[in-house]
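Asks: Sharing a model prediction with you, sequence too.
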Amino acid sequence: MRKRYLHGIAYGFVHFAVEVACFYFLYTRITATPLAWALTLLFDAVAFLPQGLFGMLTDRFPKLNIGIIGAVCMLVAFPIQSDLIGLLFLSGGNAMVHVSGAQHTLRDTQGKIGPNAIFVGGGSFGVITGQLLAGLSKPGLVIIPLLLMLLAGVIMIWIHRRNDLSGRFADLQITVPKSTEFIVLCAVVAVAVRGYIAYAIPTEWNKTIPQAIALFVSMGLGKSLGGILCDKMGYRKVSYLSMLVGLPFLLGGNSNMVLSLIGVALFSMTMPITVAILVSVFPKQPGFAFGLTTLGLFVGVVPAFFIRPETLLAHQIVVVILTAVAMPAVLLCIKKGE
């Protein structure tokens with residue numbers, strides 16, 4: 001199991017590098033354009049939606065190192081003069097690297113979701129790092145995301161060579177004996193709720209760079225810690241801790257950074273739970289299962305481009321309603337005792 005966690009940590013760095021590169025590109029070449037919101041939505045669509053298809057491909061051909069293909073696509077994006085074409089290469093490469101990380105942290109899980117959670121959690125640190133680098137407005141800094149991606153590529157080659165995925169399948173068995181369609185629907189709905197709530201959390205306190213860093217760090221730590229706690233405490237207990245205990249902190253943290261950060265970290269713990277539910281349903285297709293979670297994220301993110309709560313009360317009402325939807329959706333999928 002130590003090997004699985006090593007791969008989770010290594011891919012956590014890979015995910016960090018990927019998001020640094022993506023958000024440096026977005027904040028230096030996209031956000032200043034008149035159609036920035038549309039291009040950002042396009043980035044999310046290309047980065048999220050194909051992951052299920054790429055996952056099916058790697059489920060069928062586990063020896064395919066799709067991660068290194070994705071890393072090359074991302075590196076190629078930077079010298080391309082067209083922002084649109086560069087964005088397509090960047091986001092497509094992002095999707096491929098994500099699927100590679102899913103394969104290497106979900107196959108042969110030995111009943112543990114922690115390695116995958118650590119991999120996913122690394123991305124939050126990369127998002128804020130990429131934004132901060134772009135904010136420095138120094139063209140020479142582009143070398144940092146490029147070097148990080150080169151190092152990420154080396155790591156993926158190293159892991160892929162030492163980790164034969166053939167004949168290995170996820171062995172998470174936490175779901176109730178209900179129809180596949182019901183469980184998939186519940187899990188995707190819960191993921192979509194988490195995606196939207198990330199935009200609906202009231203955080204009036206978030207006004208400085210250190211505060212923004214703290215917010216993303218709490219998200220990353222919450223995702224990683226959620227997986228580790230699921231392995232130690234069980235999924236149902238972490239579900240209650242994440243949503244039921246976390247809700248008051250989210251609602252009361254609008255002007256209190258400490259309360260808000262606790263709430264954000266707790267609510268982020270739902271990520272490994274939903275991944276584990278879907279992988280339990282598709283143990284021989286972990287790439288496809290992981291892709292379903294990104295489909296849910298996109299479904300949750302799209303409304304945030306057009307509809308956002310305007311007042312504190314509206315924020316709080318939205319968070320309460322969506323939590324009331326997500327919590328039973330998750331608990332209905334998990335066997336008692338898990």
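Replies: Happy to help now that I have it. Numbering: from 1, shown residues only.
Asks: Only C-alpha atoms from now on, for both contacts and neighbour counts.
Replies: Noted.
Asks: Local confidence estimate at the nearest residue to Gln51 once chain neighbours are set aside?
Replies: Of all residues not flanking Gln51 in the chain, Gly291 sits nearest, at 4.6 Å (C-alpha to C-alpha, 6 or more residues apart in numbering). Looking at Gly291, its pLDDT stands at 96.
Asks: Number of residues surrounding Gly291?
Replies: Applying other C-alpha atoms under 10 Å, we find 27 residues neighbouring Gly291.
Asks: Quickly find the element holding it.
Replies: Per DSSP states H and E, Gly291 falls inside helix 286-304.
Asks: Run through the neighbouring helices and strands of that helix.
Replies: Contact analysis of helix 286-304 by 3 or more C-alpha pairs under 8 Å, 6 or more residues apart in numbering; DSSP states H and E lists helix 36-48, helix 51-60, helix 83-106, helix 180-200, helix 270-281 as its packing neighbours.
Asks: how about these in a markdown table, adding mean pLDDT and mean neighbour count?
Replies: As requested, these are arranged in a markdown table below (pLDDT from 0 to 100; neighbours: other C-alpha atoms under 10 Å):
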| stretch | mean pLDDT | mean neighbour count |
| --- | --- | --- |
| helix 36-48 | 94 | 18 |
| helix 51-60 | 96 | 21 |
| helix 83-106 | 96 | 25 |
| helix 180-200 | 91 | 21 |
| helix 270-281 | 95 | 27 |
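Asks: From Leu292, how far off is the most centrally placed residue in the chain?
Replies: For the chain, the residue sitting closest to the mean C-alpha position, by C-alpha atoms, centre = their mean, is Val120 at 5.0 Å. According to C-alpha to C-alpha, to the nearest Å, Val120 and Leu292 sit 15 Å apart.
Asks: Ok, Leu241 next?
Replies: 24 Å.
Asks: higher neighbour count, the two?
Replies: A count of neighbours by other C-alpha under 10 Å puts Leu292 above the other of Leu241 and Leu292, at 28 against 17.
Asks: Would you mind saying which of the helices and strands packed on helix 286-304 lies nearest Gly70?
Replies: helix 83-106 (3.7 Å; C-alpha to C-alpha).
Asks: which other helices and strands contact the closest one?
Replies: Taking 3+ C-alpha pairs under 8 Å, 6+ apart as the contact cut, helix 83-106 packs with helix 2-25, helix 36-48, helix 51-60, helix 66-77, helix 114-135, helix 286-304.
Asks: Now render those as CSV, adding distance to Ile334.
Replies: Formatted as CSV, those follow (distance: least, C-alpha to C-alpha, whole Å):
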stretch, distance to Ile334
helix 2-25, 24
helix 36-48, 25
helix 51-60, 23
helix 66-77, 31
helix 114-135, 17
helix 286-304, 16
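Asks: Out of those helices, flag the one nearest Tyr199.
Replies: helix 286-304 (6.6 Å).
Asks: Export only the CA atoms of the helix or strand just after the closest one, formatted as CSV.
Replies: Heading C-terminal from helix 286-304, the first helix or strand you meet, by DSSP H and E, is helix 312-331. Taking C-alpha atoms only, helix 312-331 is exported to CSV below (Å, rounded to 0.1, in the frame of the first residue of the first chain):
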residue,chain,number,x,y,z
LEU,A,312,-25.4,36.8,1.8
LEU,A,313,-28.8,35.4,2.5
ALA,A,314,-29.1,34.1,-1.0
HIS,A,315,-25.6,32.4,-0.7
GLN,A,316,-26.7,30.8,2.5
ILE,A,317,-30.0,29.5,1.2
VAL,A,318,-28.3,28.0,-1.9
VAL,A,319,-25.7,26.3,0.2
VAL,A,320,-28.4,24.8,2.5
ILE,A,321,-30.6,23.6,-0.3
LEU,A,322,-27.8,22.0,-2.3
THR,A,323,-26.3,20.3,0.8
ALA,A,324,-29.8,18.9,1.5
VAL,A,325,-29.7,17.4,-2.0
ALA,A,326,-26.1,16.2,-2.0
MET,A,327,-26.1,14.5,1.4
PRO,A,328,-28.9,12.0,0.9
ALA,A,329,-27.6,11.4,-2.7
VAL,A,330,-24.3,10.3,-1.2
LEU,A,331,-25.6,8.3,1.8
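Asks: and the angle from helix 312-331 to helix 270-281?
Replies: Angle of helix 312-331 versus helix 270-281, following axes from the mean of the first three to the mean of the last three C-alpha atoms, to 10 degrees, is 30 degrees.
Asks: Gly337: which of the helices and strands packed on helix 286-304 is closest?
Replies: helix 270-281 (14.3 Å).
Asks: what sits up against the closest one?
Replies: Contact with helix 270-281 is made by 106, 113-114, 116-117, 170-175, 180, 183-184, 187-188, 190-191, 194, 223, 226-227, 230, 235, 238-239, 242-243, 285-286, 289-290, 292-293, 330, 333-334, as judged by C-alpha atoms under 8 Å, 6 or more residues apart in numbering.
Asks: any idea of the angle it forms with helix 180-200?
Replies: Going by the same axes, to 10 degrees, helix 270-281 makes 170 degrees with helix 180-200.
Asks: Tell me how far helix 270-281 lies from the chain's centre.
Replies: 12 Å (C-alpha atoms, centre = their mean, to the nearest Å).
Asks: Tell me what angle that helix forms with helix 83-106.
Replies: Using the same axes, to 10 degrees: helix 270-281 against helix 83-106 is 70 degrees.
Asks: by contact count, what packs against the helix or strand encompassing Leu147?
Replies: In this structure, Leu147 sits in helix 143-162 according to DSSP H and E. In terms of contacts (3+ C-alpha pairs under 8 Å, 6+ apart), helix 143-162 is packed against helix 2-25, helix 66-77.
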